[in-house]
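1. Sharing a model that was predicted from the sequence below.
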Amino acid sequence: MRRAIRLTADPPRRTSPNPYVGCVVLDADGRFAGEGHHRGAGHPHAEVEALAAAGGRAAGGTAVVTLEPCAHRGRTGPCTEALSAAGVSRVVFAVEDPTRDASGGAERLAAGGVEVVGGLHREEAERHNEFWLTSVRRERPFVTWKFAGTIDGRSAAADGSSRWITAAQARRDAHALRAVHDAVLVGGGTLRADNPHLGLRHGVVGEPPLRVVLDSAGRIKPGARVLDGSAPTLVVVSDRAGEPRGLGAAAGTLAVPSTEDGLDLAALSERLFARGVRSVLLEGGARLAAGFLAGGLVDRVVAYLAPMFLGGAGLPVVTDIGVASMAEAARMRVEEVRQLGPDLRVVMQPEPRDLDACLRTHSA
């Protein structure tokens, strides 16, 4: 099973809207016969790849797979049928499939006489597939909020300058983080102030993510760098605004409802999910981060902290989230702390209970 899990993470890639899945097939004597992993929508599933590699040796053997084999027909046929047709006598999987369409594979296999064992190394397999699992369970993308700031929580100096807070090692790591997310998201303030490109740089290679920019009034300039055609771009506008012009062939628009505080971020998340986006890297700015955090829409925080102070006149990494006391604080659980050159990389996960309290306060 650990070998099957490693197949989902090496090399890092995106398979959305499908999950990461790895599979190892053993022959009837328990010896390695074949392996495979899912490479993306439209490609064979991991079980099919592994069975093809194993050939006739799969008969009477065991399939070890990171996710419960699917029982539905999409772009490819049900994996349960492929396993049964190959004569596999035993299937061991790590995580139950949480989707309505594909779940039920274990029961179908068992009904056909196949021995089925679930839950092996479930926690480890969930961790490697957390983008997809979180998104399908919550019906919205997994959101990673990434920011670079000073030790005192400032993202820019009083004059607005922010180039560069962190050193080269942290900047490269941040671009590697972009490469594993389906989309990178920035707000209108960042769009107008920084004219970001949101592509992959600093030696990071791979398929660039979807660039999502919030522009509620539809005022994006035709010469904006995110419209250069090097990667797809989605311009999100208010459903009260007109459609922006001059976006180019590589850009599309998405209209979402507005609230008193701006665009409805929950509706935005739901509509990105409907488009097949399973993970979003939230990069800026401070007000947008506050909206996601207060709305309980952040699943992980990656903070790059530079050993410097900018003081009270500097611009904060996040604005008001409706917290008036320590009891209402949006608390985090630290997952990892690592030094990158002179900077610190701190990975945190919000505590759900505290985010719920923060959400109630913000709504009030």
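-> Done, it's in.
2. Would you point out the helix or strand in the chain whose mean pLDDT is lowest?
-> helix 352-363 (a mean of 48; mean pLDDT, DSSP states H and E).
3. SS state for residue 127?
-> Following DSSP: H, G, I helix; E, B strand; the rest coil, the label given to residue 127 is helix.
4. That should have said residue 109, apologies.
-> Assigned by three-state DSSP, the conformation of residue 109 is helix.
5. Give me the number of neighbouring residues for it.
-> Neighbour count of residue 109, defined by other CB atoms under 10 Å: 25. All C-beta atoms are positioned from the backbone trio N, CA, C, and that covers glycine.
6. my guess is residue 297 meets residue 268, correct?
-> No: Residue 297 lies out of contact with residue 268 (CB atoms under 8 Å); the separation is 9.2 Å.
7. Enumerate every residue touching residue 55.
-> Going by CB atoms under 8 Å, 6 or more residues apart in numbering, residue 55 touches 33-34.
8. That one and residue 183: what is the separation?
-> Separation of residue 55 from residue 183 (CB to CB, to the nearest Å) stands at 39 Å.
9. ditto for residue 82
-> The gap separating residue 82 from residue 183 is 32 Å, by CB to CB.
10. what's near enough to touch residue 89?
-> Per CB under 8 Å, 6+ apart, neighbours of residue 89: 28, 60-62, 114-115.
11. swap that for residue 241, sorry
-> Here residue 241 is in contact with 216-218, 255 (criterion: CB under 8 Å, 6+ apart).
12. Of the contacts of residue 89, which is the most crowded?
-> Most surrounded of the contacts of residue 89: other CB under 10 Å gives residue 61, at 24 neighbours.
13. Tell me, how many residues neighbour residue 198?
-> When neighbours are counted by other CB under 10 Å, residue 198 comes out with 25.
14. Name the nearest residue to it, ignoring sequence neighbours.
-> Distances taken as CB to CB, 6 or more residues apart in numbering place residue 211 nearest to residue 198, at 4.3 Å, with adjacent residues excluded.
15. List phi and psi for that neighbour.
-> The phi/psi pair for residue 211 (degrees, to the nearest 10) reads phi -90, psi 120.
16. Can you give me the neighbour number for it?
-> With other CB under 10 Å as criterion, residue 211 counts 26.
17. pLDDT score assigned to it?
-> On pLDDT, residue 211 comes in at 95.
18. Same check on residue 245?
-> Residue 245 is given a pLDDT of 74.
19. and what of residue 204?
-> 72.
20. distance of it from residue 171?
-> Taking CB to CB, one finds residue 204 at 10 Å from residue 171.
21. Distance-wise, check the residue positioned nearest the centre of the chain relative to residue 299.
-> Against the mean C-alpha coordinate of the chain, by CA atoms, centre = their mean, the closest residue is residue 279 at 2.3 Å. Distance of residue 279 to residue 299, computed by CB to CB: 9 Å.
22. same question for stretch 169-178, mean pLDDT?
-> 92.
23. Tell me the confidence at residue 239?
-> Reported pLDDT for residue 239: 88.
24. Chain neighbours aside, what residue packs nearest to it?
-> Among residues not flanking residue 239 along the chain, residue 255 sits closest, at 4.2 Å (CB to CB, 6+ apart).
25. Check whether the one you found really touches residue 242, as I assumed.
-> No: Residue 255 is beyond contact range of residue 242, at 9.9 Å (criterion: CB under 8 Å).
26. These two: who's more crowded?
-> Each of residue 255 and residue 242 has its neighbours counted (other CB under 10 Å); residue 255 has more, 19 against 10.
27. Okay, helices next: where are they in the stretch 101-250 of the chain?
-> For the stretch 101-250 of the chain, the helices defined by DSSP state H, counting those that start in this stretch cover 105-111, 122-128, 130-138, 168-179, 188-194.
28. how about residue 308, what does it touch?
-> Per CB under 8 Å, 6+ apart, neighbours of residue 308: 150-151, 165.
29. so where is the stretch 151-300 of the chain shaky, pLDDT-wise?
-> 203, 205 (pLDDT under 70).
30. swap the cut-off to 90 and go again
-> For the stretch 151-300 of the chain, applying pLDDT under 90 flags the ranges 156-165, 179, 188-208, 215-224, 228-230, 239-251, 259-262, 284-285.
31. can you check the stretch 1-150 of the chain too?
-> In the stretch 1-150 of the chain, residues with pLDDT under 90: 8-16, 39-43, 71-78, 99-104.
32. all strands for it, in order.
-> For the stretch 1-150 of the chain, strands defined by DSSP state E, counting those that start in this stretch occupy the ranges 22-26, 32-37, 62-67, 90-95, 115-118, 142-150.
33. now residue 154, nearest residue through space, not along the chain?
-> Closest to residue 154 by CB to CB, 6+ apart is residue 314, at 3.2 Å.
34. Backbone torsions only: list them for that neighbour.
-> phi -70, psi 160.
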